[in-house]
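Undergrad: Here you go, sequence then predicted model.
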Amino acid sequence: MTSFDRDVVILGGCGRVGLPLGLAFADVGARVALFDVNEAAVARVARGEMPFDEPGAPPVLASALAAQTLVVSSDPATLARAEHVVVVIGTPVDEHLNPDLFAAPVAIAAVAPHLLDGQLVVLRSTVYPGVTELVERTLYELGLKVDVAFCPERIAEGRALAELRELPQIVSGTTDVAVERAERLFGRIAERTLRLEPKEAELAKLFTNSWRYIRFAVANQFYMIANDYGLDFERIRSTLRVDYPRAADLPGAGFAAGPCLLKDTMQLAAFNNNRFTLGHASMMINEGLPLYLVSSFERRHDLSTMTVGLLGMAFKGDSDDRRSSLSYKLKHILRFRARTVLCTDPYVADDPELTPLEDVLAQADVLVVGAPHQLYRDIRPSVPVLDIWNLFGTGVVV
């Protein structure tokens, strides 16, 4: 019987999904190892520095490192140290906009020499339906006797540590033993676990993200309709929701971006043989919103003579994450149509082309809100504003 010195090892352990999970386990006393090929991120975490912003995480990280309940490494041999191996490798979309079904199986096969019989391998990131069973088959063909589970993450950035404890954890596995082991593992941090079959759990995650994407598309379509008639969508929305529960879940307008929503809607469409009319329509609406805003503004103003200040490059408010941010799509459109484009963001640290906020405000002829960071609410704009988020209460594109 193999003796493990760690309870959990996380492959991809220094990323935005793996690190909060590792901290959550360490915080309840589990012995955790984080493995990641990003050596810069590994070095930062080992020093007690978060490589990204996640509220509440820094003190948990410091405590776990001090107590040695958490260790960090870029050595794949770390994967042999724990009974439970959590894999944070999802299904990306390839250059043809199709899901790369073999991304997770190939990556796991590459580290298979460091896995041991008897381990539980848990897929954590969103995967295409059927990938869990493919991973099990791949590992079996490599001669490994391991249990395989799929337990999708459902956290929101900025609330990861709280939601890992508060939200029910969906668990699935290729065998009853795998499910029972996954339940025991996630029962250490989650208040409740819910069982599904692997394909059900895989679809549950895709349904979750696609549903959010469609809801945002509905709000954005309503915004366009109101705006085209010179009406204030947010004023309409806020009024119709007053003491009216059947409209309480209508979101505000805004960019539906980030690394998951569009990608997972495309995965669900591909799974259903591209018969996903609502999903495809949502892609057109949400991805078309930056161009709609610019074109609406151009009907009233000559952008070619103007300096545009783009406020916020993260994909959502009060975040430092710029992955798949539609602010960058907006930037590309504006660079073609405007005289100058100046971009700023107080949280994004890995974009060398950003300009300080005070310089943007001093030079811009028009401001565009890319991400609704709360600190922007203190700005008193003296120039026209394109504010899809209604951060300034301007309502209609001017």
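TA: In hand now; what should we look at? Please read these numbers as outputs of a predicted model, since none were measured by experiment.

Undergrad: residues near Pro352, how many?
TA: Per other CB atoms under 10 Å, the neighbour tally for Pro352 reads 5. In this view, the C-beta of every residue, glycine as well, is placed from N, C-alpha and C.

Undergrad: Now do the SS call for it.
TA: Look at Pro352: counting by DSSP: H, G, I helix; E, B strand; the rest coil, its state is coil.

Undergrad: Adjust the sequence numbering to begin at 25 for everything that follows.
TA: All right, first residue 25 from here; so that's Pro376.

Undergrad: if I look at it, how far off is Arg359?
TA: Here Pro376 is placed at a distance of 16 Å from Arg359 (CB to CB, to the nearest Å).

Undergrad: excluding its backbone neighbours, what's nearest Gly278?
TA: The shortest distance from Gly278 to any residue other than its chain neighbours is 4.9 Å, reached at Trp413 (CB to CB, 6 or more residues apart in numbering).

Undergrad: helix, strand or coil for that neighbour?
TA: Under three-state DSSP, Trp413 comes out as coil.

Undergrad: Report the contact partners of it.
TA: Residues in contact with Trp413 (CB atoms under 8 Å, 6 or more residues apart in numbering) are Gly276, Ala277, Gly278, Gly341, Val393, Pro396.

Undergrad: where do the helices sit along the stretch 275-422 of the chain?
TA: 285-295, 301-322, 350-361, 381-387 (DSSP state H, counting those that start in this stretch).

Undergrad: Check which helices and strands the longest helix seen in the chain sits against.
TA: When the chain is scanned for its longest helix (criterion: DSSP state H), the result is helix 222-252. Contact here means 3 or more CB pairs under 8 Å, 6 or more residues apart in numbering; DSSP states H and E; on that basis helix 222-252 packs against helix 155-165, strand 171-174, strand 193-197, helix 257-264, helix 285-295, helix 301-322.

Undergrad: how many other residues sit next to the nearest residue to Gly182 once chain neighbours are set aside?
TA: Leaving aside its sequence neighbours, Gly182 sits nearest to Pro79 (CB to CB, 6+ apart; 5.9 Å). Each residue near Pro79 was counted by other CB under 10 Å, and the total is 12.

Undergrad: Quick check, Pro79 in contact with Glu187.
TA: No. When contacts are counted by CB atoms under 8 Å, Pro79 is not listed as touching Glu187 (11.6 Å).

Undergrad: Mutual contacts of the two, please.
TA: Residues touching both Pro79 and Glu187 (CB under 8 Å, 6+ apart): none.

Undergrad: Let's have the helices of the stretch 275-422 of the chain in TSV, adding mean pLDDT.
TA: What follows is the helices of the stretch 275-422 of the chain, written out as TSV (pLDDT from 0 to 100):
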stretch	mean pLDDT
helix 285-295	95
helix 301-322	96
helix 350-361	97
helix 381-387	97
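
Undergrad: about what we covered before: give the contact list for the residue nearest to Gly182.
TA: Contacts of Pro79 by CB under 8 Å, 6+ apart are Gly182, Arg183, Leu185.

Undergrad: circling back to that earlier point, so which of the contacts of Trp413 belong to strands?
TA: Val393 (DSSP state E).

Undergrad: neighbour-wise, which of the contacts of Trp413 leads?
TA: That'd be Val393 among the contacts of Trp413, by other CB under 10 Å, with 28 neighbours.

Undergrad: Buried deepest among the helices of the stretch 275-422 of the chain, which one?
TA: helix 285-295 (a mean of 23; mean count of other CB atoms under 10 Å).

Undergrad: Would you mind putting the CA coordinates of that one into PDB?
TA: These are the backbone C-alpha positions of helix 285-295, laid out as PDB (Å, rounded to 0.1, in the frame of the first residue of the first chain):
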ATOM      1  CA  LEU A 285     -19.000  31.700 -21.100                       C
ATOM      2  CA  LEU A 286     -18.400  32.000 -24.900                       C
ATOM      3  CA  LYS A 287     -16.100  29.000 -25.000                       C
ATOM      4  CA  ASP A 288     -18.600  26.700 -23.200                       C
ATOM      5  CA  THR A 289     -21.500  27.900 -25.200                       C
ATOM      6  CA  MET A 290     -19.500  26.900 -28.300                       C
ATOM      7  CA  GLN A 291     -18.800  23.500 -26.700                       C
ATOM      8  CA  LEU A 292     -22.500  22.900 -26.100                       C
ATOM      9  CA  ALA A 293     -23.300  23.900 -29.600                       C
ATOM     10  CA  ALA A 294     -20.700  21.500 -31.000                       C
ATOM     11  CA  PHE A 295     -21.900  18.700 -28.700                       C
END
